[in-house]
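Asks: Next comes the sequence, and after it the predicted model I'd like to discuss.
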Amino acid sequence: MDHRELLAEGLVSLGLEYREEELEALLAYIRELLFWNRRFNLIRSQESELVRRHIIDALAAVPIIRRSVDRKARFADVGSGAGIPGIPLAIFLPEAELLLIERSGKRAGFLRSALVAAGLARRSEVIHSDVRSCGVEADAVVMRAFKPLPEALPLVLPLMRPGGSLFAFHGRRETIQKELEDPLVREFHWILHSLPPGPEGEERHLLQGSYNST
Ligand SMILES: C[S@@+](CC[C@H](N)C(=O)[O-])C[C@H]1O[C@@H](n2cnc3c(N)ncnc32)[C@H](O)[C@@H]1O
């Protein structure tokens, strides 16, 4: 199957309706990623796994995010790397604003090109910075394969606007339970969503967190 067919199959399996322009934007992003990947090794998994392991995984969160975040919200993808989950999500959240925070210069360079390729340049920005010093605020923070929650929360909390949400892509429930025992993690209110399993049947979850500082 080619990328178009894999994307169409994955979107149908998620029950996510799509328009041709969204599929084209994803394909343009994939082309840019594969082009840069030859030089910079942006994604570790096989090219054949890119769609199912990374892009469909990110898009599985779209229905949950659409239900719980304002459609004009500003999102920050922390430790965006190759643009996952921020870029696929922004393609399916057409009124959202997107900030991609990435400290690696070569990845930030790729991300700038990818935003143009995917037609997102008008409502998105790459922040080439360590998250500790990025100085931005967002209504929703998304992160995937960034750091375990006890390490990540002190870094992302200063970015979150009052009443904001955090969406952390996660794997096994057992690992999540351990992270939820941490004192700072326990100060958040969490909703645990099960996502469809990965290509090898791996457990996938989305943790939705909110923080009440009062
Ligand atoms: C394992 S990659 C995950 C990338 C992507 N989110 C994904 O799911 O494929 C982690 C990324 O976070 C970035 N990163 C790690 N610590 C960071 C920090 N303190 N500030 C900004 N970016 C950071 C790394 O440069 C790397 O690109």
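Replies: In hand now; what should we look at?
Asks: Just want the phi and psi numbers for the residue lying closest to residue 97 once chain neighbours are set aside.
Replies: Among residues not flanking residue 97 along the chain, residue 74 sits closest, at 4.3 Å (C-beta to C-beta, 6 or more residues apart in numbering). In short, each C-beta sits where N, CA and C put it, glycine included. Here is the backbone geometry of residue 74 (degrees, to the nearest 10): phi -100, psi 120.
Asks: I'd assumed residue 65 was in contact with residue 167.
Replies: Yes: here residue 167 lies in contact with residue 65, judged by C-beta atoms under 8 Å, at a distance of 6.5 Å.
Asks: Report the set of residues contacting both of those two.
Replies: Shared contacts of residue 167 and residue 65 (C-beta atoms under 8 Å, 6 or more residues apart in numbering): residue 140.
Asks: And those two? Which one has more around it.
Replies: It is residue 167, of residue 167 and residue 65, that has more neighbours when counted by other C-beta atoms under 10 Å, with 25 against 22.
Asks: ok, the closest residue to residue 73 other than its chain neighbours - how many residues close by?
Replies: Excluding the flanking residues, the one nearest residue 73 by C-beta to C-beta, 6+ apart is residue 139, at 3.9 Å. When neighbours are defined as other C-beta under 10 Å, residue 139 has 19 of them.
Asks: give me every residue that touches residue 139.
Replies: 69, 70, 73, 74, 75, 161, 164, 165.
Asks: now the end-to-end length of stretch 177-196.
Replies: 19 Å (C-alpha to C-alpha, to the nearest Å).
Asks: circling back to that earlier point, write the PyMOL selection for whichever of the contacts of residue 139 are buried.
Replies: Buried members of the contacts of residue 139 can be picked out in PyMOL with the line below, counting by 16 or more other C-beta atoms under 10 Å:
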select buried, resi 69+73+74+75+164+165
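Asks: sorry, back to before: confirm that the residue nearest to residue 73 sits in a strand.
Replies: Yes: assessed with DSSP: H, G, I helix; E, B strand; the rest coil, residue 139 lies in a strand.
Asks: Now the residue nearest to the spatial centre of the chain. Nearest residue, chain neighbours left out?
Replies: Of all residues in the chain, the one closest to the mean position by C-alpha atoms, centre = their mean is residue 85, 2.0 Å from it. Closest residue to residue 85 apart from its sequence neighbours, by C-beta to C-beta, 6+ apart: residue 58 at 3.4 Å.
Asks: What strand or helix carries that neighbour?
Replies: Using DSSP states H and E, residue 58 maps to helix 56-59.
Asks: where's the helix or strand following that helix relative to the chain centroid, distance-wise?
Replies: Next along the chain after helix 56-59, taking DSSP H and E as the criterion, comes helix 62-68. Distance of helix 62-68 from its chain centroid, counting by C-alpha atoms, centre = their mean, to the nearest Å, is 13 Å.
Asks: repeat for stretch 17-28
Replies: With C-alpha atoms, centre = their mean, you get 17 Å for stretch 17-28.
Asks: now do stretch 45-52
Replies: Between the centre of stretch 45-52 and the centre of its chain there are 16 Å (C-alpha atoms, centre = their mean).
Asks: Return the set of buried residues in that stretch.
Replies: By neighbour count on 16+ other C-beta under 10 Å, the buried set for stretch 45-52 is 50, 51, 52.
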